[in-house]
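J.: Structure, please.
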Amino acid sequence: MICSSLCGYTRQHRKAVLIIFLLLKMREDKTRNRKGTKNGNVIKNPETHSHQSGDEVKATALQKDVGLISGICLIVGTMIGSGIFISPKSVLLNTGAVGPCLCVWAASGVLATLGALCYAELGTMITKSGGEYPYLMEAFGPIPAFLYSWTSVVVLKPSSFAIISLSFAEYSAAPFYPGCSPPTIIIKCLAAASILLIVIVNSISVKLASYVQNFFTGAKLIIIFVIIGAGIVLLAQGNTQHLSNAFEESKTSFGAIGLAFYNGLWAYDGWNQLNFITEELKNPRRNLPLAIIIGIPLVTVCYILVNIAYFTVMSPTELLQSQAVAVTFGDRVLYPVSWIVPLFVVFSTFGAANGSCFTAGRLIYVAGREGHMIKILSYISVRRFTPSPAIIFNGILSIIYIIPADINTLINYFSFAGWGFYGVTVLALIVMRFTRKDLERPVKVPIFIPVIVVVLSFYLLLAPIIDKPEWEYLYCTAFILSGLVVYLLFVHLKFSWTRKVMGPITMHLQMLMEVVPTEEQQ
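T.: Below is the predicted model:
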């Protein structure tokens, strides 16, 4: 059976797969022999016994291990990360007053919900993993899909992972340096260590990664509810002085509001994460829209109430001066147990980083499967059924990104490119309403919703450029367009020398990591 399933491979790939299979079989036979010896029954001919894991080795594919609860935890756990604990300062700075600040938080939640509803239709219509990638492929063809995967794999996903890991490191180190900021080298080393740990967890098991996500989602909801509860008590005691005259000195410039939305939406980023793992979701046509409907409104309400709680304790000036808004809140309200705030914020950011790693690996895996990345990135572990090469590759890039990282600069850079792709993806939904009428749509949103999302997405794309043109936007655009050159040289033309170079490398990496192509690629 093994030999008959290898007909689609190259000679080197067949050799690597057979070697991996033989090594695994020898290891399992030795394990059975040891167990048999302990029981007094030595197995002399393992071939006569049933090979219980044979079906699993043959059916080498990602498994449907993610249920509704895990799906909700992935959305909530990825959205509630570092943004609500860092971005309040940036949103307030760009709006200038409490009232517009709270309006931006509420409007960001509405926009995230509308975008997620559009993605619910796309995800139930095209039940493939990879987020925006398969939707762009279906609507516009391989070139836009490649430009998205090129930008996301090289910049967006690893930079997002790096940003959250840096936030985790900053909050982890803060208690050990009272009265001053932790040294930069300490923060970056902690961030690198967290990335390494998360990559290991996600490479070992999908279920383990889901359990980790569920646990840390519960932990972050605890601290969110603690902050909200304290805020309600303070409001009941009459601490409303910072909420009165809430719209005085507000900023109304085109670009300032756009930047405020950038930072607000950064806190909501993650509303599309479930679309990256559609193939691993149990009953996606039911659980995908249901998880979205439950998860995103919950996060929106929590964010608005948390920001109101902040303003019951801190004035706008004090909030802007705070190095860690949530920690300052805890010091003033929860003393002597204020230490629980940084502890649970650490849990929150770690959970968000785990969710980011979980979904990024699936995008890289799907792009490799379609031939838009090197083939080894589309292989999965024959023992653990995880896309470990893709996960490790994303981790390596993320560690590189933490070296020069500045959180606010990375947020602006990420949002600029990210919302451009969100807008194009929702535009694909509108296009397929006319070009792919044959596709079944279990969820179908009114057409005005994707139109609103597209318009707002392009507003967020253009507003900062019009208000304050900077070279970084040009660099970002140039990098995206450079993907056309990469596509022409390495995907369209497919030079023979690249296969000759990558062939031996792929074979040795296969044997090292015990990974093979999925049955879908045979």
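
J.: Can you give me the distance of the residue nearest the centre of the chain to residue 306?
T.: Nearest to the mean C-alpha position of the chain, by CA atoms, centre = their mean, lies residue 356 at 2.8 Å. Distance, residue 356 to residue 306, by CB to CB, to the nearest Å: 21 Å. C-betas here are computed from N, CA, C, even on glycine.

J.: ditto for residue 285
T.: 33 Å.

J.: Neighbour count: these two, which is higher?
T.: residue 306 (24 against 17; other CB atoms under 10 Å).

J.: pLDDT value on that one, please?
T.: pLDDT, residue 306: 93.

J.: repeat for residue 42
T.: At residue 42, pLDDT is 36.

J.: same check, this time on residue 27
T.: 55.

J.: Quick one: the strands in the stretch 1-150 of the chain, in order.
T.: Ranges of strands in the stretch 1-150 of the chain, per DSSP state E, counting those that start in this stretch: none exist.

J.: And the stretch 401-522 of the chain, by the same measure?
T.: Shown for the stretch 401-522 of the chain, the strands assigned by DSSP E, counting those that start in this stretch span residues 515-516.

J.: Where does pLDDT dip in it?
T.: Low-confidence segments of the stretch 401-522 of the chain, defined by pLDDT under 70: 405-415, 519-522.

J.: Low-confidence regions, the stretch 1-150 of the chain specifically.
T.: 1-60, 82-83, 86-87.

J.: one more time with 50
T.: For the stretch 1-150 of the chain, the stretches flagged by pLDDT under 50 are 1-8, 33, 35-58.

J.: Would you quantify the distance from residue 260 to residue 101?
T.: Using CB to CB, residue 260 is found at 8 Å from residue 101.

J.: Look up the residues that both of these two are in contact with.
T.: Counting by CB atoms under 8 Å, 6 or more residues apart in numbering, the shared contacts of residue 260 and residue 101 are 91, 95.

J.: Quick check: buried residues in stretch 343-356?
T.: 343-356 (16 or more other CB atoms under 10 Å).

J.: If you could redo that for stretch 444-451, that was the one I meant.
T.: Across stretch 444-451, burial judged by 16+ other CB under 10 Å covers 445, 449-450.

J.: where's residue 332 relative to residue 345, distance?
T.: To residue 345, residue 332 is 15 Å away according to CB to CB.

J.: number of nearby residues for residue 437?
T.: Using other CB under 10 Å, residue 437 has 8 other residues around it.

J.: Let me see the contact set for it.
T.: So residue 437 contacts nothing (CB under 8 Å, 6+ apart).

J.: now the one 10 residues further on
T.: Contact partners of residue 447, counting by CB under 8 Å, 6+ apart, are 430, 433.

J.: Phi and psi next, for it.
T.: Backbone torsions of residue 447, given as degrees, to the nearest 10, read phi -60, psi -30.

J.: any idea how far it is from residue 218?
T.: Distance of residue 447 to residue 218, given as CB to CB: 38 Å.

J.: Which SSE is immediately downstream of the host helix or strand of residue 195?
T.: Here residue 195 sits within helix 184-204, counting by DSSP states H and E. Sequence order places helix 206-236 as the next helix or strand after helix 184-204, per DSSP H and E.

J.: Apart from its neighbours in sequence, what residue is nearest residue 374?
T.: Nearest residue to residue 374 in three dimensions, chain neighbours excluded: residue 502, at 6.2 Å (CB to CB, 6 or more residues apart in numbering).

J.: for residue 64, same thing?
T.: Excluding the flanking residues, the one nearest residue 64 by CB to CB, 6+ apart is residue 282, at 5.1 Å.

J.: Which one of the buried residues of stretch 343-356 is nearest to residue 97?
T.: residue 345 (25.9 Å; CB to CB).

J.: Where does the closest one fall, secondary structure wise?
T.: Residue 345 is located in helix 340-369, with elements delineated by DSSP H and E.

J.: now the angle between helix 184-204 and that helix, please.
T.: Computed by axes from the mean of the first three to the mean of the last three CA atoms, to 10 degrees, the angle separating helix 340-369 from helix 184-204 equals 50 degrees.

J.: before we move on, the earlier item: for the residue nearest to residue 64, list the residues it contacts.
T.: Residue 282 touches 64-68, counting by CB under 8 Å, 6+ apart.

J.: Quick one: mark the members of these that sit in helices.
T.: Within those, residues falling in helices by DSSP state H are residue 68.

J.: If any of the contacts of residue 282 are buried, put those into a PyMOL selection.
T.: Per 16+ other CB under 10 Å, the buried members of the contacts of residue 282 correspond to this PyMOL selection:
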select buried, resi 65+66+68
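
J.: Let me have the contacts of residue 282 in TSV, extended by distance to residue 370.
T.: Shown next, in TSV, are the contacts of residue 282 (distance: CB to CB, whole Å):
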residue	distance to residue 370
64	21
65	23
66	22
67	27
68	28
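
J.: Isn't residue 130 up against residue 362?
T.: Yes. Residue 130 lies in contact with residue 362 (CB atoms under 8 Å); the separation is 6.2 Å.

J.: Now for residue 250, how many residues are close by?
T.: 16.

J.: For it, grab phi and psi.
T.: According to degrees, to the nearest 10, the main-chain angles of residue 250 amount to phi -80, psi 150.

J.: residues contacting it?
T.: 95-97, 99-100.

J.: tell me the two of those that are most distant?
T.: Among the contacts of residue 250, the pair separated by the greatest distance (CB to CB) is 96 and 99, at 9.7 Å.

J.: who has more neighbours, the two?
T.: Comparing residue 96 with residue 99 by other CB under 10 Å, the one with more neighbours is residue 96, at 19 against 15.

J.: Now for that one: which residues touch it?
T.: Residues in contact with residue 96 (CB under 8 Å, 6+ apart) are 249-251, 256.

J.: May I ask which of those has the most neighbours?
T.: Going by other CB under 10 Å, residue 256 tops those with 20 neighbours.

J.: Residue 225 versus that residue, what's the distance?
T.: Separation of residue 256 from residue 225 (CB to CB): 32 Å.

J.: Please name the residues that touch residue 323.
T.: Residues in contact with residue 323 (CB under 8 Å, 6+ apart) are 174, 181.

J.: List just the nearest of the contacts of residue 282 to residue 494.
T.: Using CB to CB, the shortest approach to residue 494 within the contacts of residue 282 belongs to residue 64, at 33.2 Å.

J.: so the closest one makes contact with residue 277?
T.: No. With contacts counted by CB under 8 Å, residue 64 stays clear of residue 277, the gap being 9.8 Å.

J.: Residue 338 - that's part of a helix, no?
T.: No. Counting by DSSP: H, G, I helix; E, B strand; the rest coil, residue 338 falls outside a helix, being coil.

J.: Tell me, how many residues neighbour the residue lying closest to it once chain neighbours are set aside?
T.: Distances taken as CB to CB, 6+ apart place residue 330 nearest to residue 338, at 4.0 Å, with adjacent residues excluded. Per other CB under 10 Å, the neighbour tally for residue 330 reads 25.

J.: Who are the packing partners of the strand or helix carrying residue 330?
T.: Assigned by DSSP H and E, residue 330 falls within helix 325-333. Helix 325-333 sits against helix 83-95, helix 206-236, helix 284-313, helix 316-321, helix 340-369, with contacts defined as 3 or more CB pairs under 8 Å, 6 or more residues apart in numbering; DSSP states H and E.
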